[in-house]
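> here is my input, please return the structure:
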Amino acid sequence: AVVSTQSTGGVELSRRCVVAPALQKKGDPPFKVKPSILPVAEYLIRDCIKFYPTAQCSICDNQTFPTDPKDVTQDIRGPLYVEYVYCSHVFHHKCLDKYIKTPPFKGGKKCP
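Residues are numbered from 1 along each chain as shown. Here you go, the predicted model:
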């Protein structure tokens, strides 16, 4: 299964802990470097570990991962292989493949 951090995920949380914002808001306290492991750990637990086991395919609305981990497919072309896409949604490979290959194509495909 493909599992990746979102663009505002662990890397972004870490950066915010050690790099001052480009624009400081008026009235905000001065930036202080702080340990970044806690926000990253909280993100991984809240948004990954707790989310993915119950995530639903954004197209068919069925649970993406099987309830029994031994049934997870490693075949990247398999119909129930789980795809994580840049929009932060998860899909079954067969659902995403069908959606991408189905008209309309004009104007590009939007997130379902």
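> distance of the most centrally placed residue in the chain relative to Lys106?
By C-alpha atoms, centre = their mean, the chain has its centre lying nearest to Ser88, at 3.8 Å. In this structure, Ser88 and Lys106 are 25 Å apart, going by C-beta to C-beta, to the nearest Å. Using the backbone N, CA and C atoms, a C-beta is placed for each residue, glycine as well.
> repeat for Ile49
40 Å.
> out of the two, which sits in the busier spot?
Set side by side, Ile49 and Lys106 show more neighbours around Ile49, with 10 against 5, by other C-beta atoms under 10 Å.
> mind pulling up the pLDDT for that one?
With respect to pLDDT, Ile49 has a value of 81.
> any idea which helix or strand of the protein has the worst average confidence?
helix 10-18 (a mean of 78; mean pLDDT, DSSP states H and E).
> for that helix, packing partners?
helix 37-43 (3 or more C-beta pairs under 8 Å, 6 or more residues apart in numbering; DSSP states H and E).
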